[in-house]
Structures are given as structure tokens and as C-alpha cells.
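In: How does the following fold in three dimensions:
(2 chains)
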2 protein chains.
Amino acid sequence: MNYFSSDFRLGILGGGQLGKMLLTETRKFDIQTFVLDPSEEAPSRFGCNNFYKGSLMDFDTVYQFGKMVNLLTIEIENVNLDALDLLEEEGLPIFPSPKTLRLIQNKGKQKDLYVTNNIPTSKHLRFVGLDDLKNSLSKDELDFPFVWKSAQFGYDGNGVKICRSALDLIKLPDVECIAEELIPFKNELAVIVARNFSGEIKTYPVVEMEFHPEANQVEYVICPARINDSITQKAQEVALKVSETFNHVGLLAVEMFQTEDDEILVNEVAPRPHNSGHYSIEASYTSQFENHLRAILDLPLGSTDSKVAGIMVNLVGEEGFEGPVYYENIEQIMAINGVIPHIYGKKETRPFRKMGHVTIVNRDMVVARRIAEEVKNSIRVISIQ
Amino acid sequence: MNYFSSDFRLGILGGGQLGKMLLTETRKFDIQTFVLDPSEEAPSRFGCNNFYKGSLMDFDTVYQFGKMVNLLTIEIENVNLDALDLLEEEGLPIFPSPKTLRLIQNKGKQKDLYVTNNIPTSKHLRFVGLDDLKNSLSKDELDFPFVWKSAQFGYDGNGVKICRSALDLIKLPDVECIAEELIPFKNELAVIVARNFSGEIKTYPVVEMEFHPEANQVEYVICPARINDSITQKAQEVALKVSETFNHVGLLAVEMFQTEDDEILVNEVAPRPHNSGHYSIEASYTSQFENHLRAILDLPLGSTDSKVAGIMVNLVGEEGFEGPVYYENIEQIMAINGVIPHIYGKKETRPFRKMGHVTIVNRDMVVARRIAEEVKNSIRVISIQ
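Out: So this is what the prediction gives:
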């Protein structure tokens, strides 16, 4: 197949920052792109050949969009799967496949799959709704504390709540959900697995999410993770086993916990470029976005090795600010060697909205970590009227 | 000044591959861009906010384009300078300035400037036309062999001819020109100097252009150059002196010869991102395109150090092929670790047209050089009907 400067058309469902960074790679290879997103202000509105505004959950919109392209991929999981099923039936290659997406969209099914395939994960119970869960509590099948998760449409920590007592149940929505055992962990790790249609597989190094000691928020994604070789190997093996189970084409980001007693438990997966792989644009021989593209086009995968150490800091909207965005002190952090901001192109900030990220690269991880803290303490995403 | 996700508008004169790669950086920082190019198939037609088709040499077109933006830069030197003069007079910041462009556009003036400022360069004579040159030959002021160069509008080796006898004069156009002493050299080197409006200056490492032993064509741009420390230092010093002389804002690519007796002579300069700096996208902490942008926006310059060794191979149209482009064996080279193709987005190939480039990055220069040769011997830019 000839993709380069040809008539081949790649469709991307979703036009957020992940789509935007993927488009950079399509431009590098001169591949024609079609993007569908509900917002006409979507970060991906530039850099594609054709941008369409429309709902990703609407059957007709997604189906009609699919009919215009030669291959379809996603940058967000919440898309109309019935439309994808029909398109696939009619012969359109779709990666990740609607079957994989259906398993991943539902956290209950995802967890069941891990259990069926002997993939280590925390214990869980599935419930059709809140009453069902309460029933289970009253019958002592379930005990506090546990982690409540909405089965569908969770994103970036939405749809997750730690429940320590009946008080925590009051505000929960009455939706299909799961309850997971609350497991104390030392580290949150992630491995991105790239797999092309022919079955070539490569894994990126294990990365570590470092949390703020008080706020319990991910502050830094650190590559490589500062863990010992045996944990590294175990995490890689588990990630490969998960990849095998999903039999995906494209990227699969596998999020894991390293427990207090050095077990690796799978938390959840995303079948696409992932926040935990943004560091790869600067630090890796091949960025996650380029490898996603190579994988779905069945091109040879690029090296997933790192040139240098990489740390990623998310730029999220500061609490108390809403409106036209202003990046305070961005010039100051740009004066530091190896500091590269990525601004996603969203005009308006609001508290905790992902507005961009900053990558810190350095030959020395200790120096990179120190600079990352300096970056985190300098830049603020605010609004000035 | 607030550039990021703001109403600030950057104008770029020229929409070729240099503009395209510059646009990638503007997207990363979410800066609004306007592009003017004579071709509606220009590689930069995607990735900018607004694309305008129009002549870069037409006063009114360039002037009207300039009135729409807050700052103007170029990706090609051959633009209407009278329009730029007026725009600058009216307060528009333009980098490089029309004054710098005027000096560089004319190779005679450029050479005179080196002489005036004691910058080492080969001896030259200026002529208003071919008769003037022939006169000089007949009066023995000029001797064969010499290098004839058109004073204006040379590009990529066009407008240059080595003259060894009267026979070589026959096909020369009757235009303003210079004759340079033909100097045998060991190496052709280049240094890119970045300078922002506030005067912060950084130089990229010295790179080496390796020539094909028979075809006398640049085959590889190699970073860092395989030269000793004293030559490296001399080349850096000369490049900085040239930069000082032009007092430019943005990038200045300084091409130099290392003579048989290890002198450094300046050949010519380009006040913009340059073919000799393409390796920087993958190999440097900050790509030349990002630093051009940082410089003209008066942001702090990024580190010009390299993460790994980098070699660039130009992808030019194969002789004997003209028409819709096909990149033969591109999949094959993509299977090699650290090999990244850049396809510029030109639909039609023709002999020697620059269609893209391939970067090879590796921790080990010897390995990189071996892979570069493999790449060069594998991929072909052809047309299949």
C-alpha cells in the first residue's frame, strides 16, 4: 500500500490534543487526513486535510464520516460503536477494532477479561446500578473501603471514587459500575505497547507517575521509571500479556500498580496514544504518535528506546480561573535547557482542564527531575481579563 | 507579549518545506499563522491558520499580506523587498530585516561585506554582466579556472558554474555575477547561528557535508562534523563573526569551506532554517525550526546541543522520472532503528527536485553513517504510472 503523497485517506475520530499530536506525524509522512470532532474549536482543526464538525456518538455522523476514508482510527474511546461495527462489516479497516473498543469502553467487561486471562488485577465486583451495589454491601459480599468506578464513560479520573463509608455513596450516580478492592501501592506505572497489523510488537520503557505527596494528583510522568530491574521486567511482561489478550492493532497503554509487596496489578488500558507517552516526542527515537501511525498503517515499528531521560508535566487550568487562557511564566521555563512546552490550542481555561504539557529532557534523570519541579512551580495556566 | 493561544498573528512568506516544518513548531505553541505562497499545492497549505496564494515578488501582494499580521518572517529569500521596506517603515517587525535580506540576496554585496569585515572568504570579482566578465578575462584581471555565480536568485546550486575554459562561458546567462577563486577544499562545513531580538546567541554544532566521491553532490549532512577540535572552534568563531556582521534576528546558516591547509572560508549564508539543520528535528534538544520561532518572537533560545549523532539524507527526484511521486522502498528503510523519513508533500516528482529527507539518529556516529549509506542505497523517489 502506498500512503505517502498518495490518495490514501486516514480518518481520525476525535480532534483533541491526542489527535493534534498524531496529525503532526501524518504531515511528516504526507498522509491525507479527515478528522471528526463535535467542537469547531478542536485542537485538530488545523493540520488535517479535512475537518468535520459532528457528534462522535451519533450513528449516522460516524457512519457517513467512515464512508469517506480508507482506514479509521480513534483518539478517544467514546465513539458510536454500532456505526463502527457496520463500517467494519462493509470492509473498512478500523484500528483499534470496535470489538476491542467495546471491551475497553466497559470497565466491568475489561476487568472480567483480566480475570479470565489470568492477568493480575485487583479484585472486583460488577453491579448493574447503585441499588445492586448497596444490596451487596448489606449482604456483606462487599466491604468498605472500596474503589467505585462507573462502568462507562469515565475519563481522566471522572467516574472514580474511593468509598470509605456509607457517606461516600450519597452522591454516586445510579449507573452500571464496579467496586474494586482498595490496594495500597508504592508506584503507579505504565507501559505503552505498539503492535502493527502484521503482528510486530514493541514496548516503550516502563514509566512512573509521581504523585504530589498531599494532593494525590499525578505531578510527573517519568521515563524510565525509577524502579529495579525485576519490577521493570515484570511490568513489561504483564503489559505484553495484556496486549496479547486484546490482540489490538495500534498502541495500547497499560496502567499498572506496583503494590507494597512488589506485585504488579493492571489498573486499566487505553487503545491509543496516551498522556503517559507524551514524553516520547522529545525523549524517544520514535514518538508514540509516530508508532501509532506506523502500527495502524502496518508499517515497520520505530525504535521505542530513549535518547535521553524524559519527564512530562501536565499543564492544567489553575483553580479559580475561567476564561481566555494565559500561560504565566512560560518564557521563564523556556529559558531552561531541555524544556519544551506543548500548548494544545484551547482558547478557554477552566479548573483542571488539560491545556498542554511540558516535556523536560536531560541526559541525567536527577537533573531532569529537579528541572521538572522548577517548571511545575513556575508556570501557571490562568486567565487575565 | 503573549503569543500562546492568543490573537497574535505570525506571517510567513513562502510555503515550501521549510515553512511546513516551521509550522509544526507554531502548532506546538498554538501561535496563529498566515502563509503566502504562489502555489496552491504548497507543502505549507496545511498546518497554518490561513493560507494565501499569491506572488512573493509582487509588491502589492506582499504588502497586503504584511498588513494582516503582527510579525513577518520568511522561508525563502526571494521576496519583494520594497514591500518589506514599506511595511517595516510603517512599524511591522520583520525578521530577518529587509536590510539583511538585501545584503544576502545579492551575492556580490554579500562577498563585499565579508571583505569589509575581515571575514575569511575566497577572492572574488564583481561584474554587471557577461561582457564585463569577458573584458576582465581579456585584460588578465581574471583567470581560469574560477567559479561563476549569478549575483541574484541562485538556489540549490542553480546559478553556479565552475569555469575552466572559454567553452564554459558559452551557456552562461548575461546577468550581474561574481567570479570566485576556485579553492580546493577538504570539507564543506556549516554552522547555524540563532539570535533573538534581545541579542541572545546560540550556535548549533558544526556539521559536515559529505560529497559523493564521483557525482560531486552532497550526499549526507553529518552532525557533528568529523573534524578536530581546533577546526571546530575556528568554524564556530567565523560563524559568530558573520552573525555579528549581519546583526540578524532569527537563524543564520553559515556555509564554509575547510581548505586543504585548514583555513576556514565563508561560502555563503542563508538567514532562515536551512537544509543543513534538518537533522536537528530528531538529534537536537531544540530543532532549528523551534529556535527560529523562539528567536523572532524574542523568546529565550532553546539548547542547541545534540542528544545523539544525526545524519540527514536528501530525498531528491531520481533522474528519468517525472510525474506523481512514489517512494520506492520507504517501508524497508523505516524498518531500521532510528530512521525517520520526512515527506514534504509535493505530489509531482521531477529530476533532482527536493521531495523530502531522511534523518538517521544513533548514539554511535559510525553506526549512523553505515545506516545512512544503507538508506541512500535503498530508497528511490520515482514515478509509477
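
In: so where is chain A shaky, pLDDT-wise?
Out: Applying pLDDT under 70 to chain A flags residues A:154-158, A:215-216, A:385.

In: Domain-wise, how is it divided?
Out: For chain A, automatic domain parsing gives the domain ranges A:9-94, A:123-181, A:185-383.

In: The closest residue to chain B within the stretch 51-200 of chain A: neighbour count?
Out: Here the residue of the stretch 51-200 of chain A nearest chain B is A:Glu200; by CB to the nearest CB that distance is 9.0 Å. (Glycine included, C-beta is placed from N, CA and C.) A:Glu200 has 15 neighbouring residues, counting by other CB atoms under 10 Å in any protein chain shown.

In: before we move on, what about A:Gly199?
Out: 9.

In: would you put the C-alpha positions of stretch A:302-318 in PDB?
Out: Extracted in PDB, the C-alpha atoms of stretch A:302-318 (Å, rounded to 0.1, in the frame of the first residue of the first chain):
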ATOM      1  CA  GLY A 302      10.100   2.500  15.000                       C
ATOM      2  CA  SER A 303      12.600   2.000  17.900                       C
ATOM      3  CA  THR A 304      10.900   2.600  21.300                       C
ATOM      4  CA  ASP A 305      14.200   3.200  23.000                       C
ATOM      5  CA  SER A 306      15.000   6.600  24.600                       C
ATOM      6  CA  LYS A 307      17.700   9.000  23.600                       C
ATOM      7  CA  VAL A 308      17.700  10.700  27.000                       C
ATOM      8  CA  ALA A 309      15.700  10.800  30.200                       C
ATOM      9  CA  GLY A 310      12.200  12.400  29.800                       C
ATOM     10  CA  ILE A 311       9.800  13.900  32.300                       C
ATOM     11  CA  MET A 312       6.300  15.200  31.500                       C
ATOM     12  CA  VAL A 313       4.400  17.800  33.400                       C
ATOM     13  CA  ASN A 314       0.700  18.300  32.600                       C
ATOM     14  CA  LEU A 315      -0.400  21.900  32.200                       C
ATOM     15  CA  VAL A 316      -3.900  22.000  33.700                       C
ATOM     16  CA  GLY A 317      -6.100  25.000  34.300                       C
ATOM     17  CA  GLU A 318      -5.500  26.600  37.700                       C
END
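
In: sorry, back to before: need the three-state assignment for the closest residue to the residue of the stretch 51-200 of chain A closest to chain B other than its chain neighbours.
Out: Leaving out its chain neighbours, the residue that sits closest to A:Glu200 by CB to CB, 6 or more residues apart in numbering or on different chains is A:Leu301, at 5.3 Å. State at A:Leu301, reduced to three classes by DSSP: H, G, I helix; E, B strand; the rest coil: coil.

In: now A:Lys234
Out: Classified using three-state DSSP, A:Lys234 is helix.

In: Could you find the closest non-adjacent residue to the residue nearest to the spatial centre of chain A?
Out: When CA atoms, centre = their mean is applied to chain A, the residue found nearest the centroid is A:His274 (3.2 Å). Leaving aside its sequence neighbours, A:His274 sits nearest to A:Ala253 (CB to CB, 6+ apart; 3.4 Å).

In: Neighbouring strands - and their directions - for the host helix or strand of the one you found?
Out: Using DSSP states H and E, the element containing A:Ala253 is strand A:250-259. Using DSSP bridges, strand A:250-259 pairs in its sheet with strand A:185-195 (antiparallel), strand A:264-270 (antiparallel).
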